[in-house]
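Q: give the three-dimensional model of this entry:
(2 chains)
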Amino acid sequence: MYFGLSEEQEFFQDNVKKFLTDNASIEEIRKIANGEGDDIQKEIYQGIVNLGINALLVPEEFGGLGVGLLHAVAISQALGNGVGPIPFSGSYVMAPIALDLAGNDNQKLNYLSKIATNEIRFGIGLSEFVGAREDAGMEVLNNKASGRALFVVDAENSDYIILSNKAGLMFVIKSSDKGVTLNKLTTVDKTRNFHEVILKEVDCEILEKSEKDIELAKKVVDAGRIILAADTLGASESMIEKAVAYSKERKQFNRTIGSFQAVKHMCAEMAADLEPCYAMVWQAAHSFDTGSIEESRLHACLAKSHLSEVGKDISKKATEVHGGMGFTDLLGLHYWFKRIGLNRQLLGAPELVREEAAEIQGFNQ
Amino acid sequence: MDLEFGSEYNDFIKEVQDFCKEYGNATITTNNDKKFEMHDALSGTGSANGNTGKTVIRSDWQRLLIEKGYFARSIPKEYGGYGGEPDIIKSRIIATEFSKHKVPNAMGGQGIDMLVPTLLEWGTEEQKQKYVKSTLHGETIWCQGYSEPNAGSDLANLQTKGELIDGNWVINGQKIWTSTAQFSQMMFCLIRTEPDASKHAGISFILIPMDTPGIEIRPLVDMTLKAGFNEVFFDNVTVPEDCLVAQRGEGWSVANSVLGHERGSLANPNATMSRLNTLIGLMKEETIDGRRLIDIPSYRDRLLKVQGKVMAVQAHSLRLLSSKINPNQNVKLGGMIQKLVGTELRHELEGLAIDIMGELGTLYEDDPNVRDGGSWQFTYMYFLGLIIGGGTNQIQKNIISERGLGMPREPKVTVEV
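A: Numbers count the residues shown, from 1 in each chain, chains lettered A, B, ... in the order given. Okay, the predicted model is just below:
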């Protein structure tokens, strides 16, 4: 019995963490957030892709590493920890899982093998499937798609995008096709990109197996939720580390503020809230990799909603420990605060996800 | 990640499951000692429909569990235990299956949980022979004499005095928060025997028979009106020199070697999970205006929020278990948070049950309309006691921040006397 990340997973995670520490300092993140860091962002992206993140979830038969979601969770923690400004949850987790689950042999061979070699990159938008807002939604007729999708993940500079209609029918479009409009959304989180995608009679290729099986889109959402929970886990961990470090340096009343119980207890509470979350997120990923659909969906829903709550509290408290400095742009703590804030809402806000968890358990019967 | 215990445990799991099927939902009769009245609710073994299985007398149950190796498993046979090799996985299997099948746990208490491990580590051969077996079999009940009116969180400030006079310890002073003193044959306590030594080095660990002349027990009723603490007064209480455990002045180290154990055991995640399931059952059964409580969205959302926390703690316990089997896994901080997180969560869960019952949730004791024997109110309050006891949760936060996160200690304040 071994409960935790394997040595290999930890090694991979450490490499991503180290790369971000060395190459994505707060100054660099700030440039990227202000739209002045395209070159820096490309370098960071290339560096992390060189570690092999694109091939993680592509099965071995298509040239990938074929590891499980737990491996991707280890990476997601590292990216959250360093507010990694690169595509991941959409391009390298949800998209390959969607293609592998719902694609026919041809589609798998065509797309997955090219993701493994990083010749192509996908964005993905399932927000309308999870819960469509007014004026949003997709219609598919005779292999032509029209409609509007919000919060499409990792669509910037993508070659293809996977979208879905309300019934969980997933399809692939070419990002550069005539009739495709990509509008970058202005969110609080400037470390990642989210888009509005508008389609007008765009050629689409339906992922065959999703036509009849709504479960497949749900399973992709499960994976996305677990990865977002892991991102929040890593970002929260980093915020606690920063708060503790700051409290050991900053002096008031001739003492480091970390020697005041008011500050110590806030830090202890954050640690106590976060510590059980590691196991929870890992268990959810393990269950996704090996468990039944109901069991793993329950784990995914509870991990997503619980991490949303814990992350919200930690991002508030850790900012407070920094006092006025925490509130400034100067320190850049807000990049973590906002990343956690966005993760909380994406693919289902906590109340909605908990409601799903209740349904899975048959509480409505 | 590998959650399997390995096929070598299959036979053992089968054996434990068979036992659990036989004794699922069993009732343990308690020979009229009130302190066990709410035992089932605390350990999560009580079911919403009452206990429906066999009835066993507690002393027989204790003996049966030892004989099977489901209790006192790794304690040597010569001291009354089962005499098995320590096996964390087997202990886990036993705890999990017992909880799943609502099989009553073995008797706990401070003698079993704290004194036995202390004696096995520090006691003389004579002390082990004399006390361990009778304690495991429930024949000798112990109480713990640590806290004093002026030695709570600052335990090392304790002042109860012991002087060695003509080969006997003569003890004077007062202890407080002494649970089960009125049922106990023995007390293990911390006594200041070296008045000239420093605060922590002046304390000794001494065993006192409760029928020794000069001991006065006064009940100290707690807010549940059930569990019951005591104040214990010592007026020239005289016990033989060999009642000392370890050396003079080593009491602080002796006590600390098992305190961590107590903290972890205060909030068993299996019991919490079991209570959550009972709560879910309650919310499906109880109605208001003909509507099931679980169908009221705000109640349901609170339930799911708590469930998220319970699942996290449950997963965390697996990680802690794994770290005991795989020593290269570092979960130091993970171990320190258990008491804080576990007791707060349990208090929240029991409080949620009261809220969803509304006015009915305030019924208590023998009211004819009371649900589950009043166990929700009792446990809600009892866990507030545990939030305070065993090192307050504020002290826990000091420990987590100082030893876990490496934050500086509060500067010492010089007190003017």
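
Q: near chain B, which residues of the stretch 101-250 of chain A?
A: A:I240, A:V244, A:S247, A:K248 (CB under 8 Å from any CB of the partner chain). From N, CA and C alone the C-beta is placed, and that goes for glycine too.

Q: which of those residues fall within helices?
A: The helices, defined by DSSP state H, take in A:I240, A:V244, A:S247, A:K248 from these.

Q: okay, helices next: where are they in chain B?
A: In chain B, helices defined by DSSP H lie at B:10-23, B:39-43, B:58-68, B:88-100, B:110, B:116-122, B:125-136, B:251-265, B:269-285, B:297-325, B:332-336, B:338-357, B:375-388, B:393-399, listed in chain order.

Q: now render the residues of the stretch 101-250 of chain A next to chain B as TSV, adding distance to A:R225 and neighbour count.
A: Formatted as TSV, these follow (distance: CB to CB, whole Å; neighbours: other CB atoms under 10 Å in any protein chain shown):
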residue	distance to A:R225	neighbour count
A:I240	23	21
A:V244	29	22
A:S247	33	24
A:K248	35	16
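
Q: which one of those is nearest A:P276?
A: Nearest to A:P276, judged by CB to CB, of those is A:I240 at 13.9 Å.

Q: per-domain residue ranges of the chain.
A: Just going to use chain A. The record's domain parsing of chain A by automatic domain parsing lists A:7-116, A:122-211, A:214-360.

Q: not quite, I wanted chain B
A: B:7-107, B:114-257, B:266-404.

Q: what about the first one, near chain A?
A: Yes - if you take CB under 8 Å from any CB as the test, domain B:7-107 does meet chain A, through B:I89.

Q: what is the end-to-end distance of that domain?
A: Using CA to CA, to the nearest Å, one end of domain B:7-107 lies 31 Å from the other.

Q: and the longest one, by the same measure?
A: Between the start and the finish of domain B:114-257 there is a gap of 9 Å, counting by CA to CA.

Q: most tightly surrounded among the domains of chain A?
A: domain A:214-360 (a mean of 22; mean count of other CB atoms under 10 Å in any protein chain shown).

Q: make CSV from the domains of chain A and add distance to B:G53 and mean pLDDT to it.
A: Below are the domains of chain A laid out as CSV (distance: least, CB to CB, whole Å; pLDDT from 0 to 100):
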stretch, distance to B:G53, mean pLDDT
domain A:7-116, 40, 97
domain A:122-211, 45, 95
domain A:214-360, 28, 97
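
Q: how close does B:R403 sit to B:I337?
A: 11 Å (CB to CB, to the nearest Å).

Q: more neighbours, these two?
A: Neighbour tally, B:R403 and B:I337, criterion other CB atoms under 10 Å in any protein chain shown: the higher count belongs to B:I337, 25 against 12.

Q: list the contacts of the more buried one.
A: A:A271, A:A272, A:E275, A:P276, B:Q396, B:I400, B:G404 (CB atoms under 8 Å, 6 or more residues apart in numbering or on different chains).

Q: want to throw those into JSON lines with distance to B:M311?
A: Shown next, in JSON lines, are these (distance: CB to CB, whole Å):
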{"residue": "A:A271", "distance to B:M311": "19"}
{"residue": "A:A272", "distance to B:M311": "16"}
{"residue": "A:E275", "distance to B:M311": "14"}
{"residue": "A:P276", "distance to B:M311": "9"}
{"residue": "B:Q396", "distance to B:M311": "22"}
{"residue": "B:I400", "distance to B:M311": "22"}
{"residue": "B:G404", "distance to B:M311": "23"}
